[in-house]
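> Sequence below, structure please.
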Amino acid sequence: MNHLHKKPNQFLLFLFLVLFAITGKVQCQSIISYAYDNAGNRISRKVVLFSSNPTHVKKDTVSTPAPVAEQLGDRKITVYPNPTQGALAVDITGGNDKDEMQIVLISAQGIQLQVLKAVTGTTPVNMLHYPPGWYILRVQAGDKMTEFKIIKQ
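Got it, this is the predicted structure:
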């Protein structure tokens, strides 16, 4: 009797597999894509569906993030790359050299991690030994100040 019950089950399984193959159903996967503004704040969330055999999708090319720049009085402050793996550059152009400038790196918990004297030109900020997360990079020139949200991967 057990032999009779196995045959219909096997036949139904075979029929299901054949029908599935004929209809051409492709298994889909989904990922969540986020968009961020220049300050690093998330501004949108989108669910992206794609098939497991995408022939219409172009291959991703590796691109470096665009530098983030802000005006601080007469100075232009450019920070790159953000997000970073550990090496960060702060480029300061313009303004007068009389003002004392400094760069302060602050953790997400509000702990001051580094204070560097900034000069006109490029000042490196080493974040290699800090854990992944987000940080605040404060640039001060005289009585003016601007802040950047930095993502460490």
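
> so what does the helix or strand hosting residue 139 touch, helix or strand wise?
Assigned by DSSP states H and E, residue 139 belongs to strand 133-141. Contact analysis of strand 133-141 by 3 or more C-beta pairs under 8 Å, 6 or more residues apart in numbering; DSSP states H and E lists strand 75-80, strand 87-94, strand 101-107, strand 112-118, strand 144-152 as its packing neighbours. Any C-beta I mention is one placed from the backbone N, CA and C, and that applies to glycine too.

> Tabulate those strands in CSV, adding columns for mean pLDDT.
Formatted as CSV, those follow (pLDDT from 0 to 100):
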stretch, mean pLDDT
strand 75-80, 92
strand 87-94, 90
strand 101-107, 94
strand 112-118, 94
strand 144-152, 92
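
> Give me the most central residue, the chain.
Nearest residue to the geometric centre of the chain (C-alpha atoms, centre = their mean): residue 83, 5.7 Å.

> mind checking how far the residue nearest to it when sequence neighbours are not counted is from residue 40?
In space, and not counting its chain neighbours, residue 83 is closest to residue 151: 3.7 Å by C-beta to C-beta, 6 or more residues apart in numbering. Taking C-beta to C-beta, to the nearest Å as the measure, residue 151 and residue 40 are separated by 6 Å.

> Fine by me, thanks again.
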